[in-house]
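Peer 1: Model the structure of this input:
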Amino acid sequence: MEVKFNNVYYVYNEKTPLSKMVLGNINTIFKEEKITGIIGKSGSGKTTLIQLINALIIPTKGNVVVGKRIISKTKKIKDINNLRYQIGLVFQMPEEQFFCQTVKEEIEFGMKYFKKSVKNIEKHISDALLMVELNDSYLNRNPFTLSSGEMRKVAIASVLAFNPKIIILDEPTIGLDNKSKNNLIKIIKLLKNRYKKTVIIVSNDTDFLLQVVDHVILLDKGRIIYEGNKYDVFKQDLEKYKIKRPKIIEFEQLVLQKKNIKIGYRDDINDLMKDVYRYVK
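Peer 2: Below is the predicted model:
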């Protein structure tokens, strides 16, 4: 499912002039079955942007089109729950969205909340766990006793269970070690390649984003500064916006500047090492 922003502005108080907007003149498309990363320092408008997609807030001006539904001040959404059923939002800290005593109850909550009639609910829960590389041994465990990586997986499973078309991950790598990050990368790639989901990731972990996203949007002071292919955005001067470029991109740029060797852009350190070895020979 595609998401399109058309000349979107947002201010918290309608009496506030648009010149002091939280978001201003946002025109972009989150393409269907693609992974988009949103980067920007604190206060740049990242969280506000994803809240507009889920209709948690409504644009002050302009509109957001999610599939065939239009979110705007001038057009009331007939069935807002049906819209949100299509959008799975995984919060920054998983424990913030947990309030059940078992993993099973946590995962089935979404289906009950949206009052969807699902045949064989037990299978849906098991399938959702398998999609995040967990099994039925977790069903009766208390989600609050899990590791950070396991919590993140259960949080993702809880939205996958009702099969949304769009998955939004808010700062998904916070608190994760390298092993958990690598597991998360595998899951996100599966969401796109096997399950055909549109994935939106809010994160300033550019090393992580480089490995999973297709497209990147940089926000600053509520406006889009850079947007495009991840390599095109990540090779820009991001430091002035308080964002670090991925280490791989930094290395490739340094080789180009110091040795005048263009080794090409890579997502993975192993692929980069192969290129370095080839050029050294």
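Peer 1: Tell me where the chain is predicted with low confidence.
Peer 2: For the chain, applying pLDDT under 70 flags the ranges 17-19, 113-119, 256, 258-281.
Peer 1: what about the helices in it?
Peer 2: Applying DSSP state H to the chain gives helices spanning 46-53, 80-85, 103-113, 121-131, 148-160, 178-193, 206-212, 230-234, 247-259, 269-280.
Peer 1: got TSV for the ones you listed, with distance to Asn7 and mean neighbour count too?
Peer 2: All C-beta spots, glycine's among them, are computed from the backbone N, C-alpha and C. TSV is the format used below for the helices of the chain (distance: least, C-beta to C-beta, whole Å; neighbours: other C-beta atoms under 10 Å):
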stretch	distance to Asn7	mean neighbour count
helix 46-53	13	21
helix 80-85	21	16
helix 103-113	33	20
helix 121-131	37	17
helix 148-160	29	23
helix 178-193	28	16
helix 206-212	27	21
helix 230-234	22	21
helix 247-259	32	15
helix 269-280	40	12
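Peer 1: Turn the ones you listed into JSON lines, including distance to Gly40.
Peer 2: Converted to JSON lines, the helices of the chain look like this (distance: least, C-beta to C-beta, whole Å):
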{"stretch": "helix 46-53", "distance to Gly40": "5"}
{"stretch": "helix 80-85", "distance to Gly40": "24"}
{"stretch": "helix 103-113", "distance to Gly40": "29"}
{"stretch": "helix 121-131", "distance to Gly40": "29"}
{"stretch": "helix 148-160", "distance to Gly40": "22"}
{"stretch": "helix 178-193", "distance to Gly40": "20"}
{"stretch": "helix 206-212", "distance to Gly40": "11"}
{"stretch": "helix 230-234", "distance to Gly40": "12"}
{"stretch": "helix 247-259", "distance to Gly40": "18"}
{"stretch": "helix 269-280", "distance to Gly40": "25"}
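Peer 1: closest to Tyr10 out of these?
Peer 2: Nearest of these to Tyr10, taken as C-beta to C-beta: helix 46-53 at 5.8 Å.
Peer 1: unless I'm mixing things up, Met151 is touching Asn142, no?
Peer 2: No - applying C-beta atoms under 8 Å, one finds Met151 not in contact with Asn142, separated by 10.9 Å.
Peer 1: Domains in the protein, by residue range?
Peer 2: Listed by automatic domain parsing, the domain ranges of the chain are 3-235, 246-281.
Peer 1: Show me how far the first one is from its chain's centre.
Peer 2: The chain centre lies 5 Å from the centre of domain 3-235; the measure is C-alpha atoms, centre = their mean, to the nearest Å.
Peer 1: Just the terminal-to-terminal distance for it.
Peer 2: Domain 3-235 stretches 26 Å from its first residue to its last (C-alpha to C-alpha, to the nearest Å).
Peer 1: ditto for stretch 1-15
Peer 2: Using C-alpha to C-alpha, first and last residues of stretch 1-15 are 34 Å apart.
Peer 1: Repeat that for stretch 198-206.
Peer 2: 19 Å.
Peer 1: go on, stretch 190-210?
Peer 2: Stretch 190-210: ends 16 Å apart by C-alpha to C-alpha.
Peer 1: List the residues that contact Glu171.
Peer 2: Glu171 is in contact with Gln92, Val202, Ser203, counting by C-beta atoms under 8 Å, 6 or more residues apart in numbering.
Peer 1: Next, count neighbours for the first one.
Peer 2: Using other C-beta atoms under 10 Å, Gln92 has 15 other residues around it.
Peer 1: how near is Ser137 to Lys235?
Peer 2: If you measure Ser137 against Lys235 using C-beta to C-beta, to the nearest Å, the figure is 45 Å.
Peer 1: Show me which of these two is the more surrounded one.
Peer 2: Lys235 (17 against 9).
Peer 1: for the closest residue to Ser147 other than its chain neighbours, what are its contacts?
Peer 2: Among residues not flanking Ser147 along the chain, Ser180 sits closest, at 7.6 Å (C-beta to C-beta, 6 or more residues apart in numbering). Residues near Ser180 by C-beta under 8 Å, 6+ apart: Ser147, Ser148, Gly149, Arg152.
Peer 1: related to what we said a few turns ago, among the helices of the chain, which comes closest to Arg69?
Peer 2: Among the helices of the chain, the nearest to Arg69 by C-beta to C-beta is helix 80-85 (5.3 Å).
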